[in-house]
Structures are given as C-alpha cells and as structure tokens.
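> Predicted structure and sequence below. I'll ask about it afterward.
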Amino acid sequence: MSTDVTERPDTRPSDPGLEEGKVAHIIRKDDQMRGYVMGEEVIALCGERFIPTRDPEQYPVCEGCKQALTMLRASGGN
C-alpha cells in the first residue's frame, strides 16, 4: 500500500505548519503509478477519489484509511 494526499475539510493536520485540512490517503501500489504518472483518478482505502499530486510524507495519514488497512490486514487481505 502507498499513501497519497487529498483535501478533507473535516480533518485537521497534526502539525500547525501543514496546510489545513490535508491528509495522506492510503492507495494500492498499482494505483500509485497510474495516479502520479498518468494523472488518473485513484480510490483510497477509505473510498475517497482523487488525483494524486502531492508528497504524502508531508501530511498525517487519513484515519479512515488507517482503519480500512487494519481491517484488511485482520482479514488476511492484501
């Protein structure tokens, strides 16, 4: 899995120096190449649809994506 960034107005970053409302979403590795290189829309584990454009290392990870990843791992999914 990979992470990427999109805007979520209901979420605050953990670092006040970060852009307000931005979080890093977790996406499938196959989607990472398609999103960044081809500029195509991808779907995060939380269901958010977006076109990746920013460095996900700069933002806190989306809580919905974290929960979805935990559930996937618990069920033995990839």
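Looks like it came in fine.
> Quick check: end-to-end length of stretch 58-67?
End-to-end distance of stretch 58-67 (Cα to Cα, to the nearest Å): 20 Å.
> How far off centre is it?
With Cα atoms, centre = their mean, to the nearest Å as the basis, stretch 58-67 stands 6 Å off its chain's centre.
> Now do the strands in this structure.
Ranges of strands in the chain, per DSSP state E, are 2-7, 22-27, 42-43, 49-50.
> Could you point out the longest helix of the protein?
Using DSSP state H, we find that the single longest helix of the chain is helix 63-74.
> same for it, what does it pack against?
strand 22-27 (3 or more Cβ pairs under 8 Å, 6 or more residues apart in numbering; DSSP states H and E). All C-beta spots, glycine's among them, are computed from the backbone N, C-alpha and C.
> mean confidence score for the strand it packs on?
The average pLDDT within strand 22-27 is 92.
> Report the distance from it to the chain centre.
With Cα atoms, centre = their mean, you get 2 Å for strand 22-27.
> quick one on the thing from earlier: what's the angle between the longest helix of the chain and strand 22-27?
Using axes from the mean of the first three to the mean of the last three Cα atoms, to 10 degrees, the inter-axis angle of helix 63-74 relative to strand 22-27 is 20 degrees.
> any low-confidence regions in the chain?
Scanning the chain for pLDDT under 70 picks out 1-20, 77-78.
> Let's see that with 80 instead.
Within the chain, the stretches with pLDDT under 80 are 1-21, 77-78.
> tell me the centre residue of this structure?
The residue lying closest to the centre of the chain (Cα atoms, centre = their mean) is residue 25, at 0.8 Å.
> Does it touch residue 51 like I think?
No: judged on Cβ atoms under 8 Å, residue 25 makes no contact with residue 51 at a distance of 11.6 Å.
> Distance of the residue nearest to the centre of the chain relative to residue 76?
To residue 76, residue 25 is 22 Å away according to Cβ to Cβ, to the nearest Å.
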